[in-house]
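S.K.: From the sequence below, what's the structure:
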Amino acid sequence: MMGLKRTIKNLGPYPSLLLLAVPTATVESLKLVALAVAGKGHWITGTAMIVACYLLSLCVVERLFVIVKPKAI
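M.R.: Below is the predicted model of the structure:
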């Protein structure tokens, strides 16, 4: 795991931005899908999806942001 973190820290600013943008875009689009599911009447499933998306956002995207934050363009 430390090797992966070291590899991410050694990325340049643009690859770091791309690495951060991919999971962020995925999580945000999944939130919209969850709203559509809830809008179709599946309130419990939609709510569970939204909660899971927020947890994924907090865990994955926040961790990546902390690792790549020192990059300056």
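S.K.: use CA for all of it now, contacts and neighbours both
M.R.: Noted.
S.K.: Give me the three-state assignment for A38.
M.R.: Look at A38: counting by DSSP: H, G, I helix; E, B strand; the rest coil, its state is helix.
S.K.: got the contact list for the closest residue in space to it that isn't next to it in sequence?
M.R.: Distances taken as Cα to Cα, 6 or more residues apart in numbering put G46 closest to A38, at 4.3 Å, once the chain neighbours are dropped. By Cα atoms under 8 Å, 6 or more residues apart in numbering, G46 lies in contact with A34, L35, A36, V37, A38.
S.K.: roughly how far apart are G46 and K69?
M.R.: Taking Cα to Cα, to the nearest Å as the measure, G46 falls 32 Å from K69.
S.K.: can you check S16 too?
M.R.: Distance of S16 to K69, given as Cα to Cα: 9 Å.
S.K.: cool, W43 as well?
M.R.: W43 is 36 Å from K69, by Cα to Cα.
S.K.: what does G39 give?
M.R.: For G39, the distance to K69 - Cα to Cα - is 36 Å.
S.K.: between the two, who's got more neighbours?
M.R.: K69 (14 against 11; other Cα atoms under 10 Å).
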